[in-house]
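Novice: pasted the sequence and its predicted model underneath.
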Amino acid sequence: MEYLWTSADIAAATRGHAAGTFVASGVAFDSREVGPGDLFVALRGEATDGHRFLDQAFAQGAAGAIVSADSAGPHVRVDDTFAALEDLGRAARARTDAKVIGVTGSVGKTSTKEALFAALDRGSPGSTHRSVKSYNNHTGVPLSLARMPASTRFGVLEMGMNHPGELAHLTTLVRPHVAIVTAIAPAHTEFFPDESAIADAKGEIFRGLEPGGVAIVPYDSPHRDRLIAAATPYAARIVTFGTSREADVRPLETMPVRTGGTFVSAKVGERELSFTVGQPGAHWVSNSLAVLAAVDAVGGDLGLAGLALADLGGLPGRGARFLASIKQGKALVIDESYNANPASMAATLSVLGAEPGRHVAVLGEMRELGAGSPSYHADLAEPLAAARVEAALLVGEAMTPLAQALEGRIDFVHVPTAAAALEVLPGILAPGDAVLVKGSNGVGLSRIVAALAGGMA
């Protein structure tokens, strides 16, 4: 079995003491995700302590563990397991010759990361590594690095934040050759005075750029110049993408295709490329331009990247589609249940509006928007109207301003929880509907998606 780490390597990277000899083929800090051959990192958190799950991890086949307390199984003992996880991530980054790309942004970072992985993996199958799920925070980033094989040719790492200074630290772990900011939009505004402060926090990603590194910036953003200023001290080259004629990577022509995606003829520096984006929506065209800019920056194959963009499917919680059984008929479900902010709500409502049939929006409240939350929610009335939504199911107390704004405009039901939404949804849906499910992850709309996938009478 190919392995990532030996116990001796782990001990050297973390300055720990190895008890027992083992090799690990994977890394996990969630005991539920541990599989045969994995290294289990027993993190201590506010809610629980990973050391409590050591027996479970070994029962599931863990090869060894990183611990800061006694363990009967093979392990490397350290003073601080979180610091050891970071050290392991640093060691993984130091030992590879991979071209590493860091991705952040208020919206689109996970989708762009997945599309970029697909584009690079198309040309180097099996040699491209990425962070999985949304492992983009203070624990997810070092874990994603620790999972990167030494032989990796391209690494794509997503980085998120909800406070200033977080990206400044994460980018020093990732040390990207290319750093992308997808877009700036109201998100986590509870922790920032304004959108410019969000742009400044996202711009921290450029501080970790390797010498000769490339910064990729959204040209159409009102914060473009702010991002360029943030990148200038650290980037050898700044590349912009967007719809403007002034952008370095831009569409020359776009055309919707029958399957729901978009045909794009694009300018990439001095070259032109025609390709199809498999996923629908203008936001996906923007994502694809950022992807092409990054592929070009690391010397990837643009033609193969275009083919990969055509084959992209939706991710669970981020655009996945399926037909649900509704009252002896079928309804199209668009699963955007993982997260939401004002910009992503507007973008996905636009996608819903392009679908045939009656349009139904199941919308959960948007969280961490601070004092501006009431107006952000009320303002969703306009994109709902533009999308020709005939029926809406609003979930969560923060949706009250939107409910007030929709009075007399469209049919809607407002409920406090996802559980309550499940009770009323069957009475709203009908065969032939196009249904968008979107909200902040904590609202729990994935339960509604799961119920729809299982069939709703």
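Specialist: Cool, the structure landed.
Novice: please name the nearest non-neighbouring residue to the residue nearest the centre of the chain.
Specialist: For the chain, the residue sitting closest to the mean C-alpha position, by CA atoms, centre = their mean, is residue 110 at 2.1 Å. Leaving aside its sequence neighbours, residue 110 sits nearest to residue 134 (CB to CB, 6 or more residues apart in numbering; 5.6 Å). C-beta coordinates here come from the backbone N, C-alpha and C atoms, glycine included.
Novice: same check on residue 136?
Specialist: Closest to residue 136 by CB to CB, 6+ apart is residue 160, at 3.8 Å.
Novice: and stretch 423-443, average pLDDT?
Specialist: What stretch 423-443 shows for mean pLDDT is 95.
Novice: name the residues of it that are buried.
Specialist: Residues 425, 428-429, 433-440, 443 are the ones in stretch 423-443 that count as buried (16 or more other CB atoms under 10 Å).
Novice: swap in stretch 357-366?
Specialist: Those would be 358-366, for stretch 357-366 by 16+ other CB under 10 Å.
Novice: first-to-last residue distance for it?
Specialist: This stretch, stretch 357-366, spans 26 Å end to end (CA to CA, to the nearest Å).
Novice: and after the helix or strand where residue 40 lies, which helix or strand comes next?
Specialist: Secondary structure from DSSP states H and E places residue 40 in strand 38-41. Sequence order places helix 54-59 as the next helix or strand after strand 38-41, per DSSP H and E.
Novice: what's the helix or strand just after that next one packed up against?
Specialist: Once the chain leaves helix 54-59, the next helix or strand it forms, by DSSP H and E, is strand 64-67. In terms of contacts (3 or more CB pairs under 8 Å, 6 or more residues apart in numbering; DSSP states H and E), strand 64-67 is packed against helix 7-14, strand 38-41, helix 54-59, strand 75-77, helix 81-95.
Novice: can I get strand 64-67 as CSV, trimmed to CA atoms?
Specialist: Extracted in CSV, the C-alpha atoms of strand 64-67 (Å, rounded to 0.1, in the frame of the first residue of the first chain):
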residue,chain,number,x,y,z
GLY,A,64,-1.2,5.1,14.3
ALA,A,65,-2.1,8.3,16.1
ILE,A,66,-0.7,11.7,17.1
VAL,A,67,-1.5,12.1,20.8
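Novice: given it, what are its sheet partners and their directions?
Specialist: Strand pairing for strand 64-67, determined by DSSP bridges: strand 38-41 (parallel), strand 75-77 (parallel).
Novice: isn't residue 143 up against residue 27?
Specialist: Yes. With contact defined as CB atoms under 8 Å, residue 143 counts as touching residue 27 (6.3 Å).
Novice: who has more neighbours, the two?
Specialist: Per other CB atoms under 10 Å, whichever of residue 143 and residue 27 has more neighbours is residue 27, with 26 against 22.
Novice: in its sheet, what does the helix or strand encompassing the more buried one sit against?
Specialist: Assessed by DSSP H and E, residue 27 sits inside strand 26-28. If you go by DSSP bridges, strand 26-28 pairs up with strand 38-41 (parallel).
Novice: is it possible to get a markdown table of the helices and strands packed on strand 64-67 that adds mean pLDDT?
Specialist: What follows is the helices and strands packed on strand 64-67, written out as a markdown table (pLDDT from 0 to 100):
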| stretch | mean pLDDT |
| --- | --- |
| helix 7-14 | 98 |
| strand 38-41 | 98 |
| helix 54-59 | 96 |
| strand 75-77 | 98 |
| helix 81-95 | 98 |
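Novice: low-confidence regions, this protein specifically.
Specialist: The chain contains residues with pLDDT under 70 at 1, 188-189, 456-457.
Novice: can I see the domain layout of it?
Specialist: Taking automatic domain parsing as the reference, the chain has its domains at 5-82, 96-310, 320-453.
Novice: all helices of the stretch 151-300 of the chain, in order?
Specialist: In the stretch 151-300 of the chain, the helices defined using DSSP state H, counting those that start in this stretch lie at 166-174, 195-202, 224-231, 282-297.
Novice: so what's the gap between the longest one and the chain middle?
Specialist: The gap between the average C-alpha position of helix 282-297 and the chain average comes to 15 Å, counting by CA atoms, centre = their mean, to the nearest Å.
Novice: contacts for the next helix or strand after that helix?
Specialist: Next in sequence after helix 282-297, counting helices and strands by DSSP H and E, comes helix 302-310. For helix 302-310, contacts defined as CB atoms under 8 Å, 6 or more residues apart in numbering pick out 115, 118-123, 261, 268, 271, 273-278, 288, 291-292, 295-296.
Novice: just the C-alphas of helix 302-310, formatted as PDB.
Specialist: Only the C-alpha atoms of helix 302-310 are listed here, as PDB (Å, rounded to 0.1, in the frame of the first residue of the first chain):
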ATOM      1  CA  LEU A 302      -5.900  24.900 -21.400                       C
ATOM      2  CA  GLY A 303      -7.500  22.600 -24.000                       C
ATOM      3  CA  LEU A 304      -7.900  19.800 -21.500                       C
ATOM      4  CA  ALA A 305      -9.100  22.300 -18.900                       C
ATOM      5  CA  GLY A 306     -11.900  23.300 -21.300                       C
ATOM      6  CA  LEU A 307     -13.000  19.700 -21.700                       C
ATOM      7  CA  ALA A 308     -13.000  19.300 -17.900                       C
ATOM      8  CA  LEU A 309     -15.200  22.400 -17.500                       C
ATOM      9  CA  ALA A 310     -17.700  20.900 -19.900                       C
END
